[in-house]
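# Fold the stuff below for me.
(2 chains)
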Amino acid sequence: DTGVSQDPRHKITKRGQNVTFRCDPISEHNRLYWYRQTLGQGPEFLTYFQNEAQLEKSRLLSDRFSAERPKGSFSTLEIQRTEQGDSAMYLCASSSSGGSDEQYFGPGTRLTVT
Amino acid sequence: GENVEQHPSTLSVQEGDSAVIKCTYSDSASNYFPWYKQELGKRPQLIIDIRSNVGEKKDQRIAVTLNKTAKHFSLHITETQPEDSAVYFCAASRETSGSRLTFGEGTQLTVNP
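Next comes the predicted model:
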């Protein structure tokens, strides 16, 4: 599969634990985005990378959230000290700056905080 | 920041009828407007997009219109089929900066056979 992949697909954790999600974009895409989607809502932007540089962060991204893209390829999103309100689907998307600007989404990681 | 409003939140049509979903946006600098279809439990998938230098774009049964003056854009689906049933999201962005998509709240479209 040459699309955007995310791992894990599902994560159940207890409140207060740390979790880390991984996203592998389409290989030739230099832009990578993280969004969060709760039930019945549209995706909400969290952060955006161009290559390894984190160029934009939403105010939704509290200090418990951190994202990295160390080599400009895959990215990780870490949530520290999880809260029940963090329960959501975390979606990754990628696009190419030299292409159509279409953002291709991954299947998401569904996080449940108990 | 950008704010995108989408209406209606639910839409039920008979197979073969047309469906129209409308969105408004607030940021006059937005110039890229994609529409995504999301089936239950699946990832959002782009179905059509439009840029601010055109007023209408069509792809088979799907069309999108854009009114930059009024800051609204619409999705039109003709000859609807049961497989068109899904949640549809509009979005807006300042394409040139390659930045965030701001999504509407979604429209649950149900096409009844």
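
# all strands for chain B, in order.
Per DSSP state E, chain B carries strands over the ranges B:4-7, B:10-14, B:19-25, B:32-38, B:45-51, B:56-59, B:62-67, B:72-77, B:86-92, B:102-103, B:107-112.

# nearest to chain A, of the ones you listed?
strand B:102-103 (3.1 Å; CB to the nearest CB). In this view, the C-beta of every residue, glycine as well, is placed from N, C-alpha and C.

# Can you list the strands that the closest one pairs with?
Here strand B:102-103 is paired, per DSSP bridges, with strand B:86-92 (antiparallel).

# so what's residue 100 scoring on pLDDT?
By default, I'm working from chain A. Here the pLDDT value assigned to A:S100 is 71.

# wait, I meant chain B there
Note on B:R100: pLDDT of 88.

# List the contacts of the residue nearest to it when sequence neighbours are not counted.
Leaving aside its sequence neighbours, B:R100 sits nearest to A:F45 (CB to CB, 6 or more residues apart in numbering or on different chains; 3.8 Å). The contact partners of A:F45, by CB atoms under 8 Å, 6 or more residues apart in numbering or on different chains, come to A:Y33, A:W34, A:Y35, A:E56, A:S58, A:L60, B:R100, B:L101, B:T102.

# Closest one to B:N67 out of those residues, please.
The closest of the contacts of A:F45 to B:N67 turns out to be B:T102 (CB to CB; 17.9 Å).

# Look up the closest residue to that closest one, ignoring the ones flanking it.
Leaving aside its sequence neighbours, B:T102 sits nearest to B:E2 (CB to CB, 6+ apart; 4.1 Å).

# before we move on, back to that, beta-bridge partners for the residue nearest to B:R100, please?
Beta-bridge pairing for A:F45 (DSSP bridges): A:Y35.

# separation between it and B:K68?
Note on A:F45: its distance to B:K68, by CB to CB, to the nearest Å, is 22 Å.

# what's the neighbour count on the residue nearest to B:T102?
Neighbour count of B:E2, defined by other CB atoms under 10 Å in any protein chain shown: 19.

# pLDDT value on it, please?
88.

# what's the answer for B:V13, then?
So, for B:V13, pLDDT stands at 98.

# Would you confirm that it contacts B:P113?
No. Using CB atoms under 8 Å, B:V13 makes no contact with B:P113, being 11.1 Å away.

# what does chain A have sitting close to chain B?
For chain A, the residues in contact with chain B (CB under 8 Å from any CB of the partner chain) are A:4, A:31, A:33, A:35, A:40-45, A:48, A:50, A:55-56, A:58, A:91, A:95, A:97, A:101-108.
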